[in-house]
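Q: Task: produce atomic coordinates for the following.
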Amino acid sequence: MDRFCHIFEVHTCPKCRHVHQLVAPAVAGFFAAAAAVASFAIYFRLCFWSEPLPWYYLFSIYAGELLTLWIAGQSASVLMTPFQRIPASCPGCGTHERPFFAGRYFKPSERPHWTDKVILAAFIVANVGLWLLIPG
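A: Next up, the predicted model:
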């Protein structure tokens, strides 16, 4: 099973046909598993803080963790915007014509891209903040 999935955006130089690719992360199995682990941790933390919670509360906590993951991804994508730019000139031939958009495609991967690591770090920071808000 592929743990990561990336969206590749392809731009091509109109003169020399040099290809430039931008990579964006997509939600895949790794992030779903990270949200599941975090939801179990918060569930057990809440069980020891107050009276035991029913087992079906795990579903709503997992939904909250998926929402936290989405918010972490949105905030990280704003921070990564300056690093994900289409070049103004072609690195292949040096022309200053803008490359044209040639399409997007999904590609599963076993290894994380640096954007996946940034989103995971933002998700961990958000969960640490959530743990600090839980009294007890």
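Q: For the rest of this, base every contact and every neighbour count on C-alpha atoms.
A: Will do.
Q: what's the helix or strand for the closest residue to A24 other than its chain neighbours?
A: Distances taken as Cα to Cα, 6 or more residues apart in numbering put I7 closest to A24, at 5.0 Å, once the chain neighbours are dropped. Using DSSP states H and E, I7 sits within strand 4-12.
Q: circling back: so how far is L22 from the residue nearest to A24?
A: 8 Å (Cα to Cα, to the nearest Å).
Q: one step back: within its sheet, name the partner strands of the strand holding I7 and how each one runs.
A: Within its sheet, and counting by DSSP bridges, strand 4-12 is paired with strand 19-26 (antiparallel), strand 100-109 (antiparallel).
Q: What pLDDT does the model give the residue nearest to A24?
A: The score at I7 is 90. That number is its pLDDT.
Q: My read is that it contacts S109, right?
A: No: using Cα atoms under 8 Å, I7 is not in contact with S109, being 10.6 Å away.
Q: about what we covered before: and the strands paired with strand 4-12, which is most packed in?
A: Greatest average neighbour count among those goes to strand 19-26 (a mean of 18), per mean count of other Cα atoms under 10 Å.
Q: quick one: average pLDDT of that one?
A: 86.
Q: now the helix or strand that comes right after that strand: how far from the chain's centre is it?
A: Per DSSP H and E, strand 19-26 leads on to helix 29-49 as the next helix or strand towards the C-terminus. Taking Cα atoms, centre = their mean, to the nearest Å, one finds the center of helix 29-49 at 18 Å from the center of the full chain.
Q: Report the angle between the helix or strand just after helix 29-49 and strand 19-26.
A: Next along the chain after helix 29-49, taking DSSP H and E as the criterion, comes helix 57-80. Calculated by axes from the mean of the first three to the mean of the last three Cα atoms, to 10 degrees, helix 57-80 forms an angle of 150 degrees with strand 19-26.
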